[in-house]
Structures are given as C-alpha cells and as structure tokens.
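1. Got a sequence here, can you model it:
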Amino acid sequence: MAVIPVILAGGKGERFWPVSRRQHPKQFLCLDGSGFSLLQATAHRLLPLAGGWDSLWVITASHLAAGVREQLPELPEANLLIEPEGRDTAPAVAWATLEVAKRHGDSAIAGFFPADHWIADEDAYRATLEAAASLATAKGAIATLGITPTYPLFR
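-> Predicted coordinates for the structure are as follows:
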C-alpha cells in the first residue's frame, strides 16, 4: 500500500495577522522555538509515512512556491504542485489526487495534511495515520481524522 502524503501549503496569511503575511503565512513560521517552521515540522512528521522525499508532495500557491523550495530543499521539484490560481482546498485536493494517481497508480492512497497544524503527540498521530490508511485500503473507503471539540466555535 503506497501512502502519498500531500501537504496543503497555500495559506493566505490572514488569520494569524500581524505575525503572518501574504508572502510569509503561518506555515512558514516557527512558533515553538524548535527552529522548524510548521511546514518543515509537517513534512518531517509525514516522511516516515511517505517512506522518503520521493513520495511526499506539497501543493501551494504560485507566490509561495519559492518559500516552500527554500524551506524544503529535499522535496523533488516534480512533487511541488503550484496552483495557477488559488481556489481554496477542494480544487487543490482534486488536482493533487489526479496527479498522484497519474504517477503512483490507482492503488496509491493520497492523504491530505494542512501545513500549519501543531501535533503534540507525533507517535500517536503516526499510529493513527497508519491505522486510517489500513482501513481505507481494506474497505476501499475514505478515512477522515479529527478531534473531539471541547467547545463550540463559529466564525
């Protein structure tokens, strides 16, 4: 079972203003003092699932591509999808799914991961991802991960 993680890195830098900006959105920031941006932490968290850089993908907006290349120099250029125009998540996921299927075949499992999430327990997260991939393969289904909300939030 090939699992192809696709990192969604097209954030606009609006919700974390004034720390983030259009050219330097939240995924490019280090928020925990580790020296790694959220994008870098996400990529390194997913590398074991991908099995290496050749199976890790990033999709981003054209104005952020240089920043992604700078922060992830190990990422193969062919694995960087640059949206001609940002249209939010659904079109990005659709395009990346088609590209992953073209290169890796219909049996590959594409997983989509925001570039700007902080994960406290990476071992538990990785185990959950592996279980979800196994379930998706066994059932031929889509697996979605989430957390139990602790309070309502409307925006």
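2. Next one, pLDDT for residue 55 please.
-> You'll see residue 55 listed with a pLDDT of 95.
3. right, I mislabeled it, should have said residue 108
-> Predicted confidence (pLDDT) for residue 108: 87.
4. burial count for it?
-> Around residue 108 there are 15 other residues, counting by other Cβ atoms under 10 Å. Quick note: C-beta positions are derived from backbone N, CA and C, even for glycine.
5. quick one, what contacts it?
-> Contacts of residue 108 were listed using Cβ atoms under 8 Å, 6 or more residues apart in numbering, and they are 2, 3, 4, 100, 101.
6. Okay, helices next: where are they in the chain?
-> 38-50, 65-71, 89-104, 122-139 (DSSP state H).
7. and of those helices, who's closest to residue 81?
-> Relative to residue 81, the nearest member of those by Cβ to Cβ is helix 89-104, separated by 5.8 Å.
8. Pull the number of nearby residues for residue 145.
-> There are 11 residues near residue 145, going by other Cβ under 10 Å.
9. Do I have it right that residue 84 meets residue 61?
-> No: shown here, residue 84 and residue 61 do not form a contact pair, counting by Cβ atoms under 8 Å, at 9.4 Å.
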